[in-house]
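Novice: Below are the sequence and a predicted model; questions follow.
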Amino acid sequence: MKMMKAMQIPSKGEKMQLVEIPVPQPGEGQVLLRVEACGVCNGDSVAIRGGSREYPRIPGHEVVGIVEELGAGSEKWKIGQRVGIGWHGSHNHVTGLTIDGGYAEYMVAFEDGLISIPDEISSNEAAPLMCAGETTFSALRNSKARPGDLVAISGIGGLGHLAVQYAKKAGFQTVAISRGVDKEKLARKLGAHYYIDSEKEDLAQALKALGGAKVILATAPNAKVISSLIHGLGPDGELIIVAGSGEPLELSAMDFLKGPNTVRGSFTGQTKEIEAAVHFSVLTEVRPLIEVFPLERANEAYDKMMSAKTRFRAVLSISE
């Protein structure tokens, strides 16, 4: 029996452990992937904190790997193709939550949930695009903003540093918002036309001085900051939330009547959206800034990600 290494959550609430277990076998309509890279994402915390229906569970939903074996009736992919999968695992499954994910040397995936990964991008760089990249790309792509409009990205972290790149490449006047002067140089290098230091400037006033934002993308999970952003919108502006802390927002009816303004969330992650994000990223040379860890250090990578100490996306490099 062929064995593999994996980082497994033994039971609800327990810390991940490095284990050696049998390589899973693909069922009907499934394929076996030899995992090359898996991003470490905040969404993994759902399983790690006890949200899975069954344990033990292998987390990880930003997965890139090579098709190693085909299950019965699987005809969409060929052995040797490089593919990726995100949060939605197809057939009403969530990758790394209701089925095992990519914190392992091998994983089984439904063929319908996979996308092809172009040769122009490495597996380590492609992995974060399966969720973080697609999340920010789709939020901007489906927003009210059009080329030339003022778009602000609040938070220059794991999501925000990708959003700034997408906004610039899409032709928006791009504003980066973060705390302190440390990230200004990076934000401008990523493509920001303007930088607002939230420690020194009033966000709403600074955005209004630029004419008001058509779209503000809130990528940092800070309810107080998110609430303040609505005042920086221009006429018929849109505040889109892609990360939240669970704390209530401090908004009043007048905040909407002054606009009119829209506040909404954005969460997609289907195969077509991931394909579009990857294609755009390759076409325009958008790349995540990554910190690479071996599989055995998954707990360290996860802890750094959760404490916002990763610059900027943590990736487990497994067999690339």
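Specialist: Thanks, I have it.
Novice: on contacts alone, who are the packing partners of the helix or strand hosting Ser45?
Specialist: Element membership for Ser45 (DSSP states H and E) is helix 45-48. Applying 3 or more C-beta pairs under 8 Å, 6 or more residues apart in numbering; DSSP states H and E, one finds that helix 45-48 contacts helix 298-306. Using the backbone N, CA and C atoms, a C-beta is placed for each residue, glycine as well.
Novice: Would you mark the buried spots in the helix it packs on?
Specialist: 298, 301-302, 304-305 (16 or more other C-beta atoms under 10 Å).
Novice: One more: stretch 220-236?
Specialist: 220-223, 225-234.
Novice: hang on, the earlier thing: go through the helix holding Ser45 and list whatever outside residues touch any part of it.
Specialist: Helix 45-48 has contacts (C-beta atoms under 8 Å, 6 or more residues apart in numbering) with 9, 16, 52, 57, 59, 96-97, 101, 302, 306.
Novice: The helix or strand following it pairs with which strands, parallel or anti?
Specialist: Remark: after helix 45-48, the chain's next helix or strand is strand 62-70, criterion DSSP H and E. Using DSSP bridges, the strands paired with strand 62-70 in its sheet are strand 30-40 (antiparallel), strand 82-85 (antiparallel).
Novice: those helices in this protein, which residues are they?
Specialist: Remark: helices assigned in the chain by DSSP state H are 45-48, 123-126, 132-141, 160-169, 184-190, 203-209, 223-229, 253-257, 271-284, 298-306.
Novice: List the beta-bridge partners for the spatially closest residue to Leu70 that is not a sequence neighbour.
Specialist: Closest residue in space to Leu70, ignoring its immediate chain neighbours: Val31 at 5.6 Å, by C-beta to C-beta, 6 or more residues apart in numbering. In this entry, Val31 is beta-bridged to Leu70, Ala109, by DSSP bridges.
Novice: residues in contact with Val31?
Specialist: 67-71, 74, 77, 83, 108-109, 111, 114.
Novice: mind checking how far it is from Ala6?
Specialist: Distance, Val31 to Ala6, using C-beta to C-beta, to the nearest Å: 18 Å.
Novice: Repeat that for Ser281.
Specialist: 28 Å.
Novice: coming back round to it: if we compare the helices of the chain, which one ends up closest to Ala152?
Specialist: helix 203-209 (6.0 Å; C-beta to C-beta).
Novice: What is the neighbour count of Ser245?
Specialist: 11 (other C-beta atoms under 10 Å).
Novice: Please give me every residue in contact with it.
Specialist: By C-beta under 8 Å, 6+ apart, the neighbours of Ser245 are 221-223.
Novice: Among the residues you listed, which one sits closest to Val292?
Specialist: The closest of the contacts of Ser245, once distances to Val292 are taken by C-beta to C-beta, is Pro221, at 24.4 Å.
Novice: now the closest one, nearest residue through space, not along the chain?
Specialist: Closest to Pro221 by C-beta to C-beta, 6+ apart is Ser245, at 4.1 Å.
Novice: same question, Gly89
Specialist: Gly89 sits nearest to Thr95 (C-beta to C-beta, 6+ apart), 4.1 Å away.
Novice: what pairs with the one you found across the strands?
Specialist: Applying DSSP bridges, one finds that Thr95 bridges with Ile99.
Novice: Quick check: it touching Ile85?
Specialist: Yes: the criterion here is C-beta atoms under 8 Å, and Thr95 meets it with Ile85 at 5.7 Å.
Novice: what about those two, which has more around it?
Specialist: Counted by other C-beta under 10 Å, Thr95 and Ile85 do not tie: Thr95 has more neighbours, with 32 against 29.
Novice: check contacts around that one.
Specialist: 60-61, 63, 85-89, 101-102, 109, 113.
Novice: Same question for Ala145.
Specialist: So Ala145 contacts 151, 170, 172, 214-215, 238 (C-beta under 8 Å, 6+ apart).
Novice: Next one: it from Lys5, what distance?
Specialist: 44 Å.
Novice: again with Ala277
Specialist: In terms of C-beta to C-beta, Ala277 sits 30 Å off from Lys5.
Novice: These two: which has the busier surroundings?
Specialist: A count of neighbours by other C-beta under 10 Å puts Ala277 above the other of Ala277 and Lys5, at 28 against 16.
Novice: follow-up on the earlier one: find me the pLDDT at the residue nearest to Gly89, would you?
Specialist: Looking at Thr95, its pLDDT is 98.
Novice: worst-scoring helix or strand of the protein, pLDDT-wise?
Specialist: helix 253-257 (a mean of 77; mean pLDDT, DSSP states H and E).
Novice: end-to-end on stretch 91-102?
Specialist: End-to-end distance for stretch 91-102: 18 Å, by C-alpha to C-alpha, to the nearest Å.
Novice: Which of the residues in it are classified as buried?
Specialist: Within stretch 91-102, the residues scored as buried using 16+ other C-beta under 10 Å are 94-102.
Novice: again, but for stretch 184-192
Specialist: For stretch 184-192, by 16+ other C-beta under 10 Å, it's 184, 186-187, 190-192.
Novice: can you tell me which two in those residues are farthest apart?
Specialist: Glu184 and Gly191 (12.9 Å).
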